[in-house]
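S.K.: What follows is a predicted structure for the sequence shown.
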Amino acid sequence: MSDPAAPVRLLVIEDNPESLDLMMYLLQAFGYAAFAAEDGESGLEAAAELRPDLIICDIHLPRMDGFGVVQRLKADPDLQMTPVLAVTALAMVGDRDRVLAGGFDGYISKPIDPLTFGGLVKRHLKPPSIC
Ligand code: MN
């Protein structure tokens, strides 16, 4: 688990309340500080403000979809190193490639499996920086 003095901060951008609640619950249970945004534009604002260690972003979002969000994040010098994982119920052939080609660093499929989710988040977190 993370050091309570410097908790790892994650931002979840997801408009589906059930899916958001589940991810927030799991992230807190894993010991992370989890923050939520419910549409693409507020997600970008929250990312700029929070500078999270990792961002989890739904693809289908109001006001700006996940592809728009990741494109903006990866164009921002302050945020482009932050890993961004897509979360989506899309399960068509080629979707995974499309998500990765769109700039996401990884892919979580819905419905969310807690163990797979936890493992993927952990793998994409950078080791803590030493100041
Ligand atoms: Mn959605």
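M.R.: Now that the structure is in, tell me what you want to look at.

S.K.: Does the most centrally placed residue in the chain fall in a helix, a strand, or a coil region?
M.R.: Centre of the chain computed as the mean C-alpha position; nearest residue by C-alpha atoms, centre = their mean is residue 56, 1.0 Å away. Classification of residue 56 into helix, strand or coil gives strand, according to DSSP: H, G, I helix; E, B strand; the rest coil.

S.K.: That one reaches residue 14, doesn't it?
M.R.: Yes - at 7.4 Å, residue 56 and residue 14 qualify as touching, with contact defined as C-beta atoms under 8 Å. No exception for glycine: its C-beta is placed from N, CA and C like everyone else's.

S.K.: so what's in contact with these two at the same time?
M.R.: Applying C-beta atoms under 8 Å, 6 or more residues apart in numbering, one finds that residue 56 and residue 14 are jointly contacted by 23, 87.

S.K.: Could I get the contacting residues of the residue nearest to the centre of the chain?
M.R.: 10, 11, 12, 13, 14, 23, 84, 85, 87, 108, 121.

S.K.: What is the burial count for the fifth one?
M.R.: Burial of residue 14 is recorded as 25 neighbouring residues (other C-beta atoms under 10 Å).

S.K.: cool, and the third one?
M.R.: Residue 12 is surrounded by 27 other residues when neighbours are defined as other C-beta under 10 Å.

S.K.: Next up, phi/psi of it, please.
M.R.: Backbone dihedrals for residue 12, given as degrees, to the nearest 10, come out at phi -110, psi 120.

S.K.: can you check the fourth one too?
M.R.: Dihedral pair for residue 13: phi -110, psi 110, per degrees, to the nearest 10.
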